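Asker: what would the 3D arrangement of this be:
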Amino acid sequence: MILEAKVNKNYNIMILRVLACLGVFVTHLNQIATFPAVISKAFVFGMYGVFLFFIMSGYLAYDSYGKYKKVCDYYKNRIFRILPLYYLIILWYVFFFECLLKNRGVPVPEDIYGMGWGRYFLLFSFCVPGDPFWTNLGMTWTISCFMLFYLLMPVIHKYVKSFSSVCLVIVVSLVVKTILPDGWLQPLCQLYFFLLGVAINIAIKESKESIYVVLQLVILICLVIYAPLNYPMIFGSILSIVFVCACRNQSGSLQKVHWLNRGIEWIDKNSFEIYLFHPIVMYFIQYYVIDTRYEVNLYKILIYIIGTILIVELKSGVVKIFGTCFGAKYN
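Answerer: Purely as a prediction, here's the structure:
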């Protein structure tokens, strides 16, 4: 969720990353605080920021893979950038739900397949259907999707070299997405969005951005007519078109508003941490703040925002002290 290089940085992509991060952030804020109906409905659409992250990751990872001479070096980099922080979060949830909340009489839901916490440690949470607690605790469902895509990247980079070939692979991913049973092997279904990013990367290199946009507009029209409730696919098309425009029209700098620039750069730099840490604060509010004198809307909003910032900064401080052993930035 952060650009690999500082050189020739496209600030349009940075801003899209920040908007995607804030979209997910306000979606969950909407679950713990009360807003006017219009604002509340608008916040719901923030959840689709996840698919923008997928598209950006596909776009960036296709280029970044070429920097590695060995596949094992690439895998090592991806693993150490993502999994240590992820597992740290999972260990916290085990302690939070199995110890802290059980003492308050809050039971952990039964896993119908008996995998329990093993789902998260084996990255199977989004591969096997079950209670939302066991499939998407703390928005961690995306981690298995990212890891599957990065696992396949050497193959994708080797065989997908042209715009026509990436279009073919996208069609195959759509077929897989259609035939898989509901709830099973969902990371495979999400590959479609990563491949959109790869397609954008190749389309720009071959100067076929216009063709890509036209294809996405055709897909979008078909979706609106024949599958109007398939919001992930619809927003995937819309967001990929927006992303193409952002890549074509490169911005050299941010606006000269110092405090705003610092805020944008901080969110961009820490987007992964914000993504994983903000649910921790959300659960704290849900189980410890609601039904107390601090349940006032403003208090919940302040706790949510300030709590997330403090945890992110705490993590940054720990990394500075002990090194980057659980670094957490990825494309």
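Asker: helix or strand: which one has the residue at minimal distance from the centre of the chain?
Answerer: Most central in the chain under C-alpha atoms, centre = their mean is V50, positioned 4.2 Å from the mean C-alpha point. Using DSSP states H and E, the element containing V50 is helix 49-64.
Asker: and that helix, what other elements does it pack with?
Answerer: helix 11-32, helix 141-159, helix 186-205, helix 231-248 (3 or more C-beta pairs under 8 Å, 6 or more residues apart in numbering; DSSP states H and E). Just so you know, the C-beta spots here come from the backbone N, C-alpha and C atoms, and that holds for glycine as well.
Asker: after it comes which helix or strand?
Answerer: Next along from helix 49-64, by DSSP H and E: helix 71-95.
Asker: what's the angle from that following helix to helix 49-64?
Answerer: 150 degrees (axes from the mean of the first three to the mean of the last three C-alpha atoms, to 10 degrees).
Asker: on the three-state scheme, the nearest residue to Q186 once chain neighbours are set aside is what?
Answerer: Using C-beta to C-beta, 6 or more residues apart in numbering and skipping the chain neighbours, the partner closest in space to Q186 is F126 (4.7 Å). The three-state assignment at F126 reads coil, by DSSP: H, G, I helix; E, B strand; the rest coil.
Asker: ok, F126 to I90 distance?
Answerer: 13 Å (C-beta to C-beta, to the nearest Å).
Asker: which of those two has more neighbours?
Answerer: A direct count of neighbours by other C-beta atoms under 10 Å for F126 and I90 places F126 higher, at 27 against 21.
Asker: tell me the contacts of the more buried one?
Answerer: Neighbour list for F126: 135-136, 141, 144-145, 186-187 [criterion: C-beta atoms under 8 Å, 6 or more residues apart in numbering].
Asker: what's the answer for V108, then?
Answerer: 97-98, 101-102, 133.
Asker: and if we set it to 10 Å?
Answerer: Applying C-beta atoms under 10 Å, 6 or more residues apart in numbering to V108 gives the contacts 94, 97-98, 101-102, 116-117, 131, 133-134.
Asker: how about the residues you listed in CSV, adding secondary structure?
Answerer: Converted to CSV, those look like this (three-state DSSP):
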residue, secondary structure
V94, helix
F97, helix
E98, helix
L101, coil
K102, helix
G116, coil
W117, coil
D131, coil
F133, helix
W134, helix
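Asker: sort these by pLDDT and name the bottom one.
Answerer: Within the set of the contacts of V108, pLDDT is lowest for K102 (85).
Asker: and it, how far from V94?
Answerer: 11 Å.
Asker: who's more crowded, the two?
Answerer: Counted by other C-beta under 10 Å, K102 and V94 do not tie: V94 has more neighbours, with 15 against 12.
Asker: circling back to that earlier point, and the contacts of V108, which are buried?
Answerer: Neighbour-count burial (16 or more other C-beta atoms under 10 Å) is assigned, among the contacts of V108, to 97, 101, 117, 134.
Asker: max pairwise distance over the residues you listed: which two?
Answerer: The largest separation in those, counting by C-beta to C-beta, is between L101 and W134 at 15.4 Å.
Asker: hmm, back to that, overlap in contacts of F126 and I90?
Answerer: By C-beta under 10 Å, 6+ apart, the residues touching both F126 and I90 are 119-120, 140, 143.
Asker: need those residues in TSV (columns: neighbour count).
Answerer: As requested, the shared contacts of F126 and I90 are exported to TSV (neighbours: other C-beta atoms under 10 Å):
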residue	neighbour count
R119	23
Y120	26
T140	21
I143	24
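Asker: for W259, phi and psi?
Answerer: phi -70, psi -30 (degrees, to the nearest 10).
Asker: what does D111 give?
Answerer: Per degrees, to the nearest 10, the backbone of D111 is at phi -90, psi 120.
Asker: any weak-confidence spans in this protein?
Answerer: 1-9, 250-257, 291-296, 322-331 (pLDDT under 70).
Asker: from T34, how far off is K41?
Answerer: 13 Å.
Asker: again, but for E265
Answerer: 31 Å.
Asker: show me which of those two is the more surrounded one.
Answerer: E265 (14 against 10).
Asker: so that one is in which element?
Answerer: Per DSSP H and E: helix 258-269 holds E265.
Asker: for L137, give me its contacts.
Answerer: 89-90, 93, 96-97, 117, 119-120, 125, 131, 279, 283.
Asker: try it again with 7 Å
Answerer: Y93 (C-beta atoms under 7 Å, 6 or more residues apart in numbering).
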